[in-house]
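**Q** What follows is a protein structure lacking sequence information:
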């Protein structure tokens, strides 16, 4: 991710990752004037400095490799976990179809995502 400043009024995607929203309060567009961000130009992910740093310290980046099945064939897919807590996760990946961003929650009752 690239550290920089934008003047376009970006919103931190930490708003949808962390319980309580972005750690800098940049939950909506056009609140970010003067704030630095970490941006990934490939994945189009914007995170304020506080959210990016917390995500990296709470869970080291993990790379997952797997596959999906279609028409009795297995196709490889990669996934990089950026943030994980006891109930939420956020990451991005790619497969033979293209790139994707995943975020979700853990259902504690059935222990599934």
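**A** Okay, I see it. Predicted, not measured: the structure shown is a model, and the values here were computed from it.

**Q** residues of stretch 3-16 that come out buried?
**A** 10-15 (16 or more other CB atoms under 10 Å). Every residue, glycine included, has its C-beta placed from N, CA and C.

**Q** ok now it, how far from the chain's centre?
**A** 13 Å (CA atoms, centre = their mean, to the nearest Å).

**Q** coming back round to it: need the buried residues of stretch 3-16 in a markdown table with pLDDT, secondary structure and distance to residue 90, can you?
**A** Supplementary listing: the buried residues of stretch 3-16 in a markdown table, determined by pLDDT from 0 to 100; DSSP: H, G, I helix; E, B strand; the rest coil; distance: CB to CB, whole Å:
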| residue | pLDDT | secondary structure | distance to residue 90 |
| --- | --- | --- | --- |
| 10 | 88 | coil | 17 |
| 11 | 90 | coil | 15 |
| 12 | 90 | coil | 12 |
| 13 | 84 | helix | 8 |
| 14 | 82 | helix | 9 |
| 15 | 82 | helix | 11 |
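
**Q** which one among the residues you listed gets closest to residue 48?
**A** residue 12 (4.3 Å; CB to CB).

**Q** distance of that closest one from residue 104?
**A** 19 Å (CB to CB, to the nearest Å).

**Q** next one: residue 77
**A** 16 Å.

**Q** Show me which of these two is the more surrounded one.
**A** residue 77 (16 against 12; other CB atoms under 10 Å).

**Q** surely the more buried one meets residue 95?
**A** Yes - proximity of residue 77 to residue 95 meets the contact threshold set by CB atoms under 8 Å, at 3.7 Å.

**Q** Now for these two: what residues contact both?
**A** residue 68 (CB atoms under 8 Å, 6 or more residues apart in numbering).

**Q** quick one: residue 40 from residue 17, how far?
**A** 14 Å.

**Q** between the two, who's got more neighbours?
**A** Set residue 40 next to residue 17 and count neighbours by other CB under 10 Å: residue 17 wins out with 21 against 14.

**Q** Does the more buried one touch residue 104 like I think?
**A** No - between residue 17 and residue 104 there is no contact under CB under 8 Å: 10.5 Å.

**Q** list the buried ones in stretch 26-36?
**A** In stretch 26-36, counting by 16+ other CB under 10 Å, buried: 26, 31-32, 35.
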